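**Student:** build me a structure from this.
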Amino acid sequence: ADMVLWPLDYYAASAVGLGHLSLDQDIDGGVRRDLLAVNYYDSYFPSLSLMIAARSLNLSMDDVQIALGESVSLGRLTILTDADLSMRSGFYLDRSSGLATSAFKTYSFADVYDGSVPIELFNNKIVLIGPTAAGLGTTTVTPISSGEYPVNLMAHFITSILNEDFYVRPAWVGSAEWGLLAVITLYLMLLMPRLPAGFAAATSLLLLVALLATSYIMLSGQSIWLQTATAASLLLVGHLLLTTK
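**Tutor:** As a prediction, this is how the structure comes out:
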């Protein structure tokens, strides 16, 4: 970060902690990651979601440990991060009713303020206050919504931190992805042209399914993001071009 916009003194003086609100957008404009800590002239500022998660565990920032490029530890919790200390967050939907709806309960601020909603509902809960009405504030694109309000986005981030539920790209995945590209290239160059047409088609289909299945299994089962789409695309396009030729 090269600039800090502090909150108004009236609010800062009453706050038990402060955290940054910067969002990290991907190239398609979507938000999938939370910058758990931002470096500002060799001082690290936690995200508001990390600060709230810490306070919910009765921890202070003294209990937060940063391993640059690897992880952020919050007491007994360890959140694996990218090189820029960003967490690839989990996102949550409630499908119990058969419809995909928000996993977080929401209440009208006016109803809470005038007593229509029992205050006991919020005992021992993390309560986030923010606008969700149409036309108020900005929205962001997430993996589960084309218009997520910031307060809901923060709920996803906090839940992901507390549940240690996030997606990672270990150091070895980059080499693995290049290795898959090399294997597919060698297959298209050396093996496929020598196979009978039917057997080559079956082999290519099997490899395509294996690539896509591996990515899905690792993402859903191990929370590891291994990008196999490029290798799968190379296999599909290469097979079609060689077959046509």
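
**Student:** for the lengthiest helix in the chain, which residues meet the burial criterion?
**Tutor:** In the chain, ranked by residue count with DSSP state H as the criterion, the top helix is helix 197-221. Within helix 197-221, the residues that qualify as buried are 200, 204, 207-208, 211, 214-215, 218, counting by 16 or more other CB atoms under 10 Å. Where C-beta positions appear, they are placed from N, C-alpha and C, glycine not excepted.

**Student:** quick one: contacts for D82?
**Tutor:** 33, 69, 88, 169 (CB atoms under 8 Å, 6 or more residues apart in numbering).

**Student:** where does the protein have low pLDDT?
**Tutor:** For the chain, residues meeting the criterion pLDDT under 70 lie at 97-99.

**Student:** show me where it has helices.
**Tutor:** Using DSSP H, helices in the chain cover 9-12, 48-56, 109-113, 150-162, 172-186, 197-221, 229-244.

**Student:** save those as CSV, and put in distance to D24 too.
**Tutor:** Shown next, in CSV, are the helices of the chain (distance: least, CB to CB, whole Å):
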stretch, distance to D24
helix 9-12, 24
helix 48-56, 12
helix 109-113, 28
helix 150-162, 11
helix 172-186, 19
helix 197-221, 20
helix 229-244, 22
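
**Student:** ok, which of those comes nearest K125?
**Tutor:** helix 48-56 (9.2 Å; CB to CB).

**Student:** which ones are touching the residue in the chain sticking out farthest from the centre?
**Tutor:** What lies farthest from the middle of the chain is P196; by CA atoms, centre = their mean that is 44.0 Å. Contacts here follow CB under 8 Å, 6+ apart; on that basis P196 touches nothing.

**Student:** how about N163: what's its closest non-neighbour residue?
**Tutor:** G90 (7.2 Å; CB to CB, 6 or more residues apart in numbering).

**Student:** who's in contact with that neighbour?
**Tutor:** 156, 159-160, 163, 165-167.

**Student:** state the distance from the closest residue to A15 other than its chain neighbours to L23.
**Tutor:** Distances taken as CB to CB, 6+ apart place P7 nearest to A15, at 7.4 Å, with adjacent residues excluded. Look at P7 and L23: by CB to CB, to the nearest Å, they are 17 Å apart.

**Student:** so for the two, which residue has more residues nearby?
**Tutor:** Counted by other CB atoms under 10 Å, P7 and L23 do not tie: L23 has more neighbours, with 14 against 11.

**Student:** would you confirm that that one contacts V141?
**Tutor:** No. Counting by CB atoms under 8 Å, L23 does not reach V141; the two are 10.8 Å apart.

**Student:** what sits in contact with each of those two?
**Tutor:** With CB under 8 Å, 6+ apart, L23 and V141 have common neighbours V31.

**Student:** burial count for L235?
**Tutor:** Neighbours around L235, by other CB under 10 Å: 25.

**Student:** and if you look at V127?
**Tutor:** There are 9 residues near V127, going by other CB under 10 Å.

**Student:** re the thing from before, mind checking which of the contacts of D82 land in strands?
**Tutor:** 33, 88 (DSSP state E).

**Student:** which of the contacts of D82 ranks first by neighbour count?
**Tutor:** In the contacts of D82, the most neighbours by other CB under 10 Å go to R33, 21 neighbours.
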